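[1] here's a sequence, model it:
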Amino acid sequence: RGPLAGGNVVDIAGTGFGPDAEVWFGSQAVEITYRSGTTHLFCTAPAAEVPGAVDVRVRSGGIDLKLSKAYTWLGQVRVDDFAPAQGPAIGGTAVTVHGGGFFPGDRLLIGWREALFSQVVDAYTMTAVVPAATLPVGLDLWSVPVAVRHGSGLTVAVGKFTYGRTPKVTAVVPSVVDPD
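    Okay, the predicted model is just below:
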């Protein structure tokens, strides 16, 4: 899978690829840029106008081979918003991300660390659990970037997630109360 603009290197693995091998993505013929023996053909994915999956075909030695829906062009990924936008530094906050172009296997990053249990619900929604963080010394709040890592790269949200220092009790005053 890759971006609509194409340009990413694709490794087509198989067996028996001869020197006459040819490759197509859907109906688009592509140039084989490198061969590794008879088992790997490397080519550059062409551009596409719309997102979607296509068959990849290889012709070698007069034999046509087809792998159905083997390559997917991904749409532009966007992150519109996420909620909640804050949580404790111990992590564990369930977060929902809204946007578009999400694809199974995409991962949410909070503060450049992979969130736990990233799941693409549909093309417009992701869920995950915020990982724990260590706040810098002297800070009670720390805002970090939120991003989605996907097949076309990384899309960073406009907003940030804010970690708060984990609450703790340090004293109870008065420490002794006379019931009389």
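
[2] quick one: least confident helix or strand in this structure?
    strand 2-3 (a mean of 82; mean pLDDT, DSSP states H and E).

[3] each with direction, which strands does that one pair with?
    strand 63-74 (parallel) (DSSP bridges).

[4] coming back round to it: which element follows the least confident helix or strand of the chain toward the C-terminus?
    Scanning forward in sequence from strand 2-3 by DSSP states H and E, the next helix or strand is strand 9-13.

[5] paired strands for that next one, with orientation please.
    Partners of strand 9-13 in its sheet, by DSSP bridges: strand 40-44 (antiparallel).

[6] which outside residues touch the partner strand?
    Outside of strand 40-44, the residues within contact range by CB atoms under 8 Å, 6 or more residues apart in numbering are 6-14, 17, 21, 23, 30-36, 58. (C-beta placed from N, C-alpha, C; glycine too.)

[7] now do stretch 156-176
    79, 81-82, 85-90, 95, 97, 110-111, 130, 133, 135, 139-148.

[8] again, only this time at 6 Å
    Identification of contacts with stretch 156-176 by CB atoms under 6 Å, 6 or more residues apart in numbering yields 79, 85-86, 88-90, 110, 133, 135, 140-147.

[9] and the buried ones among the contacts of strand 40-44, selectable in PyMOL?
    A single PyMOL command selects the buried members of the contacts of strand 40-44 (16 or more other CB atoms under 10 Å):
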select buried, resi 6+10+12+17+21+23+30+32+58
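
[10] Three-state assignment for Thr166, please.
    coil (DSSP: H, G, I helix; E, B strand; the rest coil).

[11] how near is it to Ala89?
    Plainly put, Thr166 is 5 Å away from Ala89 if you go by CB to CB, to the nearest Å.

[12] and the two? Which one has more around it.
    Of the pair Thr166 and Ala89, Ala89 is the one with more neighbours under other CB atoms under 10 Å, namely 17 against 11.

[13] contacting residues for the nearest residue to Ala48 once chain neighbours are set aside?
    Of all residues beyond its chain neighbours, the one nearest Ala48 is Trp73 (4.1 Å), with distances taken as CB to CB, 6 or more residues apart in numbering. Residues near Trp73 by CB under 6 Å, 6+ apart: 4, 48, 51.

[14] got those as a markdown table, with pLDDT and distance to Asp122 columns?
    Shown next, in a markdown table, are the contacts of Trp73 (pLDDT from 0 to 100; distance: CB to CB, whole Å):
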| residue | pLDDT | distance to Asp122 |
| --- | --- | --- |
| Leu4 | 81 | 20 |
| Ala48 | 90 | 21 |
| Pro51 | 82 | 14 |
